[in-house]
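Undergrad: Below is the sequence, then the predicted model.
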Amino acid sequence: MKNGRIKVALMSHPMDNRAGKGTALYTRKLIEELLKNERLEITLVHYDAVPDKLYKKAREIVIPQIPHLPFGTRFVRTLLFFWKYRKEKFDIIHWFQPRLYPFFWLAPARFSVVTAHGGADVTAPGQFPLSRHIYNFIMRYFHPWIAGVIGDSEFGRNEIIEAYGIPPEKVHTIYLGGSEDFKALDKTVAQRIIFERYKIRAPFILDVSRLEPHKNVDTLIRAYESLRRESSITPALIIVGAKRFGAEKTLALATASLYAKDIIFLHFVEQQDLNALYSAADVFVFPSLNEGFGLPIVEAFASGTPVVTSNVTAMPEIAGDAAITVYPTDTKALAGAMARVLSDASLRETLIQKGLNRAKTFTWAETANKTLELYQAILSRKD
């Protein structure tokens, strides 16, 4: 520590040139909040200079380039960073995702902290590159050199312990924020905004999920078909999310549907429009199979939208009693939950009010406070 301030290196590259969702959003929001704290002396470390105003608010280290390397460029550059700044002696170096390179323990810091979020890099289905398997190997077999690991929920914490075999005393739950970035907009105004910008008419059901297997969008499409067949309710289904592994199957299922013209995919929506999209929706449905947190649930709550989500992994923990939860692969139950919310105005209003109250639990300021507490607890140990 220097002048009573904790000297922290934050590996900020996950937010560079990336849309503000997932790990990129977590990285940015946590850094913004930590920079407000005078007890910290922060250095932001990343691989490429980017025109991001956030880097003007702290000391910045751009890891030197090494031209003409055929592979392993970032690995070698990371080792160069460790060597070049070996005399720095940061108190903490914090990685924002569980993707450490070999020899990470040579980092010029007394302690290493890793946000793993959950254990989905091991447990969730998907087609991963070789590098992901290497990262998982490092987390499992070299975690003795990690002082603290952060999970986004109690479920995420337990999943990390199981997936990587990390001792429970090293793994800590720190909830994400998100509520302060969204607000309940007037529904009529929000619907007008969405029609003007996307030509989407109300009523509609909304899901915000990448198109990959564990997000379970296929089941949602089948449940939507069941809802349309078995009731007089005729909302559209709007799905916001980038195409990932398995997207072709999901798109084909939607195209083959009798209601294909009412199933609309949006690749990406800016936060301002996303707030309006949430507020304009009649119900937000998030039937994921595995989440370490489930940030869209909080975003929908804060936007004043009733929520239907899964009763597995972290989702019931985050939703509390403010959402209807169902088993995510039960098509009939999912369709029934949507029908209840869409047809019962009293239930809808109850869920909206509970959601607004629940959303207040999750703020980025609290995420940063808990992270600082973890730094302090680690530093209070003997080296």
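TA: Nice, thanks for sending it over.

Undergrad: gap between Asp218 and Lys249?
TA: Distance of Asp218 to Lys249, given as CB to CB, to the nearest Å: 7 Å. Heads up, the C-betas are built off the backbone N, CA and C, glycines and all.

Undergrad: Who has more neighbours out of the two?
TA: For the pair Asp218 and Lys249, the greater number of neighbours falls to Asp218 (19 against 13), based on other CB atoms under 10 Å.

Undergrad: wait, what's in contact with the more buried one?
TA: Contacts of Asp218 were listed using CB atoms under 8 Å, 6 or more residues apart in numbering, and they are Lys249, Thr250, Leu253.

Undergrad: closest to Thr367 among the residues you listed?
TA: Within the set of the contacts of Asp218, Thr250 lies nearest Thr367; the separation is 31.6 Å, counting by CB to CB.

Undergrad: What is the neighbour count of that closest one?
TA: Neighbour count of Thr250, defined by other CB under 10 Å: 24.

Undergrad: Just the strands from the stretch 1-150 of the chain, written as ranges.
TA: Assigned strands in the stretch 1-150 of the chain, in chain order: 6-11, 40-46, 59-62, 90-95, 109-117, 148-151 (criterion: DSSP state E, counting those that start in this stretch).

Undergrad: Let me have those strands in a markdown table, adding distance to Phe103 and mean pLDDT as columns.
TA: Written out in a markdown table, the entries for the strands of the stretch 1-150 of the chain read as follows (distance: least, CB to CB, whole Å; pLDDT from 0 to 100):
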| stretch | distance to Phe103 | mean pLDDT |
| --- | --- | --- |
| strand 6-11 | 15 | 98 |
| strand 40-46 | 16 | 98 |
| strand 59-62 | 18 | 97 |
| strand 90-95 | 13 | 98 |
| strand 109-117 | 12 | 97 |
| strand 148-151 | 19 | 98 |
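
Undergrad: As a markdown table, those with mean neighbour count would be great.
TA: Rendered in a markdown table, the data for these read as follows (neighbours: other CB atoms under 10 Å):
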| stretch | mean neighbour count |
| --- | --- |
| strand 6-11 | 22 |
| strand 40-46 | 20 |
| strand 59-62 | 15 |
| strand 90-95 | 24 |
| strand 109-117 | 23 |
| strand 148-151 | 24 |
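
Undergrad: which one of these lies closest to Ser288?
TA: With CB to CB as the criterion, Ser288 lies closest to strand 109-117 of these, at 13.6 Å.

Undergrad: Quick one: list the elements packing against that closest one.
TA: Using 3 or more CB pairs under 8 Å, 6 or more residues apart in numbering; DSSP states H and E, the elements in contact with strand 109-117 are helix 22-34, strand 90-95, strand 148-151, helix 154-164, helix 364-379.

Undergrad: Nearest to Ala276 among those would be which one?
TA: For those, proximity to Ala276 was assessed by CB to CB; helix 22-34 is nearest, at 18.1 Å.

Undergrad: And that closest one, how far out from the chain middle?
TA: Relative to its chain's centre, helix 22-34 lies at 10 Å (CA atoms, centre = their mean, to the nearest Å).

Undergrad: mean confidence score for it?
TA: Here the mean pLDDT over helix 22-34 is 95, rounded to a whole number.

Undergrad: what angle do that helix and strand 6-11 make?
TA: Between the axes of helix 22-34 and strand 6-11, defined by axes from the mean of the first three to the mean of the last three CA atoms, to 10 degrees, the angle is 160 degrees.
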